[in-house]
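Engineer: for reference, the sequence and a predicted model appear below.
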Amino acid sequence: MELLSSPRPLRLIAPQFLLPSIQPPLINHAQLRLIAHAGTGIKITRFDYSSDWKKGSRIHRGLVRASKGNELLPERLTGGVAVGSALTVILAVMNRVLYKLALVPLRNYPFFLAQITTFGYVAVYFTILFIRYRKKIITKEMLGLPKAPFMAIGALEALGVASGMASAAVLPGPTIPILNQSFLVWQLVFSALFLRRRYSRNQVLGCLLVTVGVILAVASGTSEGQVLSDVELIWPALMLASAAFQSGASILKEFVFIDGARRLKGKPPDIFVVNSFGSGFQALFVFLLLPILSNLRGIPFAELPSYLKCGAACFLNFNGNLTDCQGAPLLPLLFITLNMAFNISLLNLVKMTSALIASLASTLAVPISIYVLSLPLPYLPQETSLSTSFIIGSAILVLGLILYNLPQPKNELKVN
C-alpha cells in the first residue's frame, strides 16, 4: 500500500519505452517511464516545443541527467533486485498465459469479459485515486484537468481491449505474445509523428527487427498445418489493430502529462488521475461500442441483451453446470488478479532499479510465454506445433526488443 499512497509525487523522467502488458493493464506500461525513483524528479516550469526542448535548456539538461541516472544497468545486482526481477518475469508469464485461458470458458463472450474487466479496473483505479486524494497527493487542480483528452483515451483503449479479446479468443496461444509486441512499432511511429520524438540507431534497428519478427512469425503460420493455418487473417489483423489502439492511447496519455504539467505550473498530474479518468471513459465506450463490435462475431443488435445475459450466466457458472463454460469464474478472476499483481510488481521494479531492468524482465517473459502457450494446458489440452520459421521469427523479435532497450550511447541521448 506504500506504493499507492506514498506522499512523494510521481514525477516525469526521460522517455524510455516499456513493453505493453496484456490489455487491460492496471498501470499502462507506456507510462512507467514517467515514474522516477524516490527522490528523483524534475521540476518542469512550462512546456513550449519551440524553446523549452532546445538542446542545453533547463528541461533538456534535466531529462538527460534523469536518463543517465535511471536508464543504465545498476552497478551490482542485489538480492532484492534479483528477487523482484524474477517475480516480475514469473508474473508476466502467468499474466500472458491466463489471458488466453480466461477466454477459454468465455470464448463466445469476449466482449462481456472486456466489459467486466474494464469495470473492475475502474473500481481499482478510483479507489486508489480516492486514497491519494485523501492524503493530499492528488489536488483539486489535477481533478479539474480538461476531460476531452480522457474521452479520446477511453475510446482508443475500449477499441483496443474489445478487439484484442475478440481476436485472442480465436488465435492460437503462442501467436498472442508475438502480435502484441507490435505495440512497440506503433508507439515509435505515433510518438515520432505526434510528439516529435527522436530515436537512436539501436532503437530504430530494434524496432525494425521486431517488425520483421512479427511478419515472419505470422507469415510462417499461414501454410498448411502451421500454427495459423486454420485461422482467418482478420483475427491476427484485429490483434495488430488492438495494439495500434492501445499505443495511440498511451501517446495521448503522454500528451496529457505534458499538457497537464503546463496547466499545473510545473507539477505533472498524478498517474492515477490520468488512468482513472481514462478507464472510466473506457468502460463507457466499451458499452457504447458493443453493437458495432458484436457485428464482428455476427451478433445482431436485437440479440445483444440475450448475449449479455448468457455471458453473465457463463461467467458466473453456478455449480459448474454449464459444460461450455468450464473454468469460469475461476480463470477470468485469476487473470484479473494476476494482471494487477504483475503491474504492481513491474511498478515496484521500476522504483527499485530502472525502467531498463523492468523492460528487460518483460522482454524475457515473451519467449517463455510462447513456449508455455505451445504446451498442453488445463482447458487447452491440444499442443500447438511451432514451425521453424515461427521460432526464428520469435527469436528475431526478442533480439529486436533487447536491442531497443539497450542503454543508449551518451552521444545519442535525445529527447523530444
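Structural biologist: That came through fine. Numbers count the residues shown, from 1 in each chain.
Engineer: pLDDT weak spots in the chain?
Structural biologist: Across the chain, the ranges flagged by pLDDT under 70 are 1-78, 220-227, 229, 354-356, 408-416.
Engineer: ok, longest helix in it?
Structural biologist: Criterion DSSP state H: the longest helix present in the chain is helix 234-263.
Engineer: the closest residue to residue 289 other than its chain neighbours - how many residues pack around it?
Structural biologist: In this structure, residue 289 finds its nearest non-sequential neighbour in residue 158, 5.8 Å apart by CB to CB, 6 or more residues apart in numbering. Every residue, glycine included, has its C-beta placed from N, CA and C. Residue 158 has 28 neighbours, counted by other CB atoms under 10 Å.
Engineer: thinking again about what came up before, same for the longest helix of the chain, what does it pack against?
Structural biologist: helix 148-168, helix 175-180, helix 182-194, helix 271-288 (3 or more CB pairs under 8 Å, 6 or more residues apart in numbering; DSSP states H and E).
Engineer: buried residues in the third one?
Structural biologist: Looking back up the chat, that one is helix 182-194. Neighbour-count burial for helix 182-194, counted by 16 or more other CB atoms under 10 Å, picks out 182-188, 190-191.
Engineer: cool, stretch 81-92 as well?
Structural biologist: Residues of stretch 81-92 classed as buried: 81, 84-85, 87-92 (neighbour count, 16+ other CB under 10 Å).
Engineer: can those residues go into JSON lines with extra columns for distance to residue 394 and secondary structure?
Structural biologist: Formatted as JSON lines, the buried residues of stretch 81-92 follow (distance: CB to CB, whole Å; DSSP: H, G, I helix; E, B strand; the rest coil):
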{"residue": "81", "distance to residue 394": "27", "secondary structure": "helix"}
{"residue": "84", "distance to residue 394": "26", "secondary structure": "helix"}
{"residue": "85", "distance to residue 394": "22", "secondary structure": "helix"}
{"residue": "87", "distance to residue 394": "24", "secondary structure": "helix"}
{"residue": "88", "distance to residue 394": "20", "secondary structure": "helix"}
{"residue": "89", "distance to residue 394": "17", "secondary structure": "helix"}
{"residue": "90", "distance to residue 394": "20", "secondary structure": "helix"}
{"residue": "91", "distance to residue 394": "21", "secondary structure": "helix"}
{"residue": "92", "distance to residue 394": "16", "secondary structure": "helix"}
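Engineer: which one of the residues you listed is nearest to residue 107?
Structural biologist: Nearest to residue 107 out of the buried residues of stretch 81-92 is residue 92 (CB to CB; 23.3 Å).
Engineer: buried ones in the helix or strand harbouring residue 307?
Structural biologist: Residue 307 is part of helix 304-316 when elements are defined by DSSP states H and E. Residues of helix 304-316 classed as buried: 307-308, 310-311, 314-315 (neighbour count, 16+ other CB under 10 Å).
Engineer: by how many degrees do it and helix 271-288 diverge?
Structural biologist: Following axes from the mean of the first three to the mean of the last three CA atoms, to 10 degrees, one obtains 130 degrees for the angle between helix 304-316 and helix 271-288.
Engineer: alpha carbons of helix 304-316, as PDB, please.
Structural biologist: Extracted C-alpha coordinates of helix 304-316, given in PDB (Å, rounded to 0.1, in the frame of the first residue of the first chain):
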ATOM      1  CA  LEU A 304     -27.400  -8.100 -27.500                       C
ATOM      2  CA  PRO A 305     -29.500  -8.300 -24.300                       C
ATOM      3  CA  SER A 306     -29.600 -12.000 -24.700                       C
ATOM      4  CA  TYR A 307     -25.900 -12.100 -25.400                       C
ATOM      5  CA  LEU A 308     -25.100 -10.200 -22.200                       C
ATOM      6  CA  LYS A 309     -27.400 -12.300 -20.200                       C
ATOM      7  CA  CYS A 310     -25.800 -15.500 -21.500                       C
ATOM      8  CA  GLY A 311     -22.400 -14.000 -20.900                       C
ATOM      9  CA  ALA A 312     -23.200 -13.300 -17.300                       C
ATOM     10  CA  ALA A 313     -24.500 -16.800 -16.800                       C
ATOM     11  CA  CYS A 314     -21.400 -18.300 -18.400                       C
ATOM     12  CA  PHE A 315     -19.100 -16.100 -16.300                       C
ATOM     13  CA  LEU A 316     -20.800 -17.000 -13.000                       C
END
